[in-house]
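> Output the structure for:
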Amino acid sequence: MASNYQFQNTGRDLQKDLLGHWYKRLEDAPKNGTPVAYLFISGNICELLRIFGFEIAFPEVNALQCGIKKVAGDMILKAEDLGYSSDVCGYVKNDIGLAASGNKGPFGSMPKPDLLVCNYAGCNTYIKWFEALAELYGARFFMLDVPYRRTGETMRPEDLQYVVKQLEQLAQVCAEITGKKFDMDKLREQLDFSRQAEELWVKILHSAKHRPSPFDAFFEAVFFMAPIYVLRGTKECVDYYQAAWKEIEERMKHNIGPLSEERFRVVMEGPPPWPNFRNFWELFKRWGVVCVASTYSKVGGIWDFGMRHDPSRPLESLAEYTVNCYTNWDWSLRRSMLERYAKEYSADALVIHSVKSCRAFSVGQADVREHFSKVQGLPTLFVESDLADPRYFSEAQLRNRIDAFFESLEHRRLAKQPAVAV
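Numbers count the residues shown, from 1 in each chain. You can find the predicted model right below:
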């Protein structure tokens, strides 16, 4: 990004600093006597735990950090040596391997949890993952059971009340572990910070409707979205998005984009292959591809569809958030999201990156490809590797598929021919 502008690189640089400080607080938690809780990103209720003084760790974030730093492969092999199958989720095996390595990763030492909160929202692997960690660490385990959202259903009042009752029980568990009382005023304050950050994040996401898009909603969003997932409910999170929005505003004002030329606008489905993230991005960059909307940037919250935390309804608001997270939607709802993105962001194509070791989440993606290419008339590219296991990444094979797809798309654009699926 051009260096002669005032705010460029702010989002990346500040994110790196924030996450560095967060990991340092986690590493120092045991010696400071600070309790530690583990949570999943999707539908997490971090604000509730923070009012009891917990530092919060997210095993998925540790796994992707291990992937980016090229150590996930070793962690996964350690888990397989312990008997975990090659078919098991790469994130899970990374986390088990990390525990078997004394919890030492590229981000420092991870503290053992005092509390494991399995905020089960759509992925059944979550349950067995945290059951395994509870056994390894001897930590207290709390199951937050979140009702699934199906086609045609709004969030049922009885489902929300079911989650609220569990949150009340969780608050009692937190009080027992920490010796602190439930402070509703403090929770309201944190939810207000969450709401402010969510408003700013949505402005950044919606900026991709601009031509050229000032922001890659997949390859850049994975950096920009981190604070709202791991630090939501804090003042530093709000400060981050205020600064990040200034960068995006400056980009729009000067028509600065993530690439020198935007040739194709795509919607992305699925997570990135973290061990080969930069190589994967380069395969699209060479074709001038900018992602203008993605489902992966919504795994921690579908705020661009109107969801906000509400300080006036603390527990009810948390319940609505957990029920309405992307991983808790059935495929018809997810497909409607992709349709909406393709239309609102003027996409030229849909790209599906399917995860080899995540069958629960990837099942149905082939049907989505058929729907978009044959019913919606939107060119659709389907590629496969893994989000954590580097053994499933074949750059030559991916390059061939990506090159063939965008070469075909370029020709069809000129000839105005119908859509294809690859």
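> Need the residue closest to the centroid of the chain.
residue 299 (4.4 Å; CA atoms, centre = their mean).
> separation between that residue and residue 280?
18 Å (CB to CB, to the nearest Å). To be clear about C-beta, it is placed using only N, CA and C from the backbone, and glycine gets the same treatment.
> Now do the SS call for residue 155.
coil (DSSP: H, G, I helix; E, B strand; the rest coil).
> thought it was touching residue 320?
Yes: using CB atoms under 8 Å, residue 155 is in contact with residue 320, at 6.1 Å.
> who has more neighbours, these two?
In terms of neighbours (other CB atoms under 10 Å), residue 320 is the more surrounded of residue 155 and residue 320; the figures are 20 against 14.
> Touching, that one and residue 156? I think so.
No: at 11.2 Å, residue 320 and residue 156 do not qualify as touching, with contact defined as CB under 8 Å.
> follow-up on the earlier one: OK, contacts around the residue nearest to the centre of the chain?
41, 42, 271, 325, 326, 327 (CB atoms under 8 Å, 6 or more residues apart in numbering).
> And the pLDDT at it?
On pLDDT, residue 299 comes in at 88.
> cool, and residue 420?
58.
> for the stretch 151-300 of the chain, what are the low-confidence residue spans?
153 (pLDDT under 70).
> still on that earlier bit, between the contacts of residue 299, which is closest to residue 392?
residue 271 (12.9 Å; CB to CB).
> where does the residue nearest to the centre of the chain sit relative to residue 270, distance-wise?
For residue 299 relative to residue 270 (CB to CB), the value is 10 Å.
> joint contacts of these two?
With CB under 8 Å, 6+ apart as the test, residue 299 and residue 270 reach no residue in common.
> Residue 366 - nearest residue in space that isn't next to it in sequence?
Leaving aside its chain neighbours, residue 366 sits nearest to residue 382 (6.8 Å; criterion: CB to CB, 6 or more residues apart in numbering).
> next one: residue 114
That would be residue 35: by CB to CB, 6+ apart, it lies 4.5 Å from residue 114.
> for that neighbour, what are its contacts?
Residue 35 neighbours (CB under 8 Å, 6+ apart): 29, 52, 53, 54, 55, 114, 115, 177, 178.
> Just the buried residues out of those residues, in PyMOL syntax.
In PyMOL, a selection of the buried entries from the contacts of residue 35 looks like this (16 or more other CB atoms under 10 Å):
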select buried, resi 29+52+54+55+114+115+177+178
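> with the contacts of residue 35 in mind, which one is nearest to residue 365?
Distances from residue 365 to the contacts of residue 35, taken by CB to CB, are shortest for residue 115, at 34.2 Å.
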